[in-house]
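**Q** Model the structure of this input:
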Amino acid sequence: MIKLQIIGNLGKDCIVKEVNGKNVINFSVAHSERYKDSQGNQKERTTWVECAYWTDKTAVAQYLTKGRTVYAEGTPEADPYTNKEGQPAATLRMRVQTVQLLGNSAGNDSNGSNQGNVSYSGATAAPAVKTESLAGESDDLPF
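**A** Residues are numbered from 1 along each chain as shown. Predicted coordinates:
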């Protein structure tokens with residue numbers, strides 16, 4: 001089993017959908033890292049992970065808002081595509097098994113309305129999330 005763990009900020013509010021009678025919460029997490037290139041120039045690289053959290057407990061969705069810092073853990077998938085410049089690229093996706101709210105959400109003050117560190121785990125059975133094949137076949141992804 002391959003496991004992906006990410007701590008980052010949500011790029012937009014989550015979306016809750018029902019797919020084949022099951023609930024899925026879709027959200028995007030961005031992780032930025034700073035580094036120096038070979039010439040010593042400061043650079044920043046941001047990696048986005050598209051997340052699908054299959055759960056019956058959709059109450060967490062109200063807290064998955066833009067700017068919120070989260071920890072998410074699950075199984076990774078990569079979907080290759082060709083970008084606008086004609087270069088090969090890939091979308092990183094994760095089928096979330098656990099999501100944990102960290103710290104304050106963007107714009108929250110410390111008046112007690114913040115959930116702080118709250119953990120949610122997807123212990124319910126969920127259908128497998130299919131990825132696009134390398135041949136470009138389309139299938140019903142909830143993203």
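
**Q** Let me know the pLDDT of residue 25.
**A** With respect to pLDDT, residue 25 scores 96.

**Q** Point me to the helix or strand that includes the residue nearest the centre of the chain.
**A** Residue closest to the average C-alpha location in the chain (C-alpha atoms, centre = their mean): residue 51, at 3.2 Å. Under the criterion of DSSP states H and E, residue 51 resides in strand 42-54.

**Q** Name the next helix or strand downstream of that strand, please.
**A** Per DSSP H and E, the first helix or strand lying C-terminal to strand 42-54 is strand 69-82.

**Q** Report the buried residues of that next one.
**A** Buried positions in strand 69-82, judged by neighbour count with 16 or more other C-beta atoms under 10 Å: 69, 70, 71, 72, 73, 74, 77, 79. Yep, even glycine has a C-beta here, placed from its N, CA and C like the rest.

**Q** Give me the helices and strands touching that strand, please.
**A** strand 4-10, strand 22-36, strand 42-54, strand 88-102 (3 or more C-beta pairs under 8 Å, 6 or more residues apart in numbering; DSSP states H and E).

**Q** picking that back up, show me how far the strand holding residue 51 is from its chain's centre.
**A** Offset of strand 42-54 from its chain centre (C-alpha atoms, centre = their mean, to the nearest Å): 7 Å.

**Q** Let's have the helices and strands packed on strand 69-82 in CSV, adding distance to residue 64.
**A** Below are these laid out as CSV (distance: least, C-beta to C-beta, whole Å):
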stretch, distance to residue 64
strand 4-10, 6
strand 22-36, 5
strand 42-54, 9
strand 88-102, 8
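
**Q** Quick one, which of those gets closest to residue 61.
**A** With C-beta to C-beta as the criterion, residue 61 lies closest to strand 22-36 of those, at 5.2 Å.

**Q** list the helices and strands the closest one packs on?
**A** Short answer (3+ C-beta pairs under 8 Å, 6+ apart): strand 22-36 packs on strand 4-10, strand 15-19, strand 42-54, strand 69-82.

**Q** Right, I'll leave it there.
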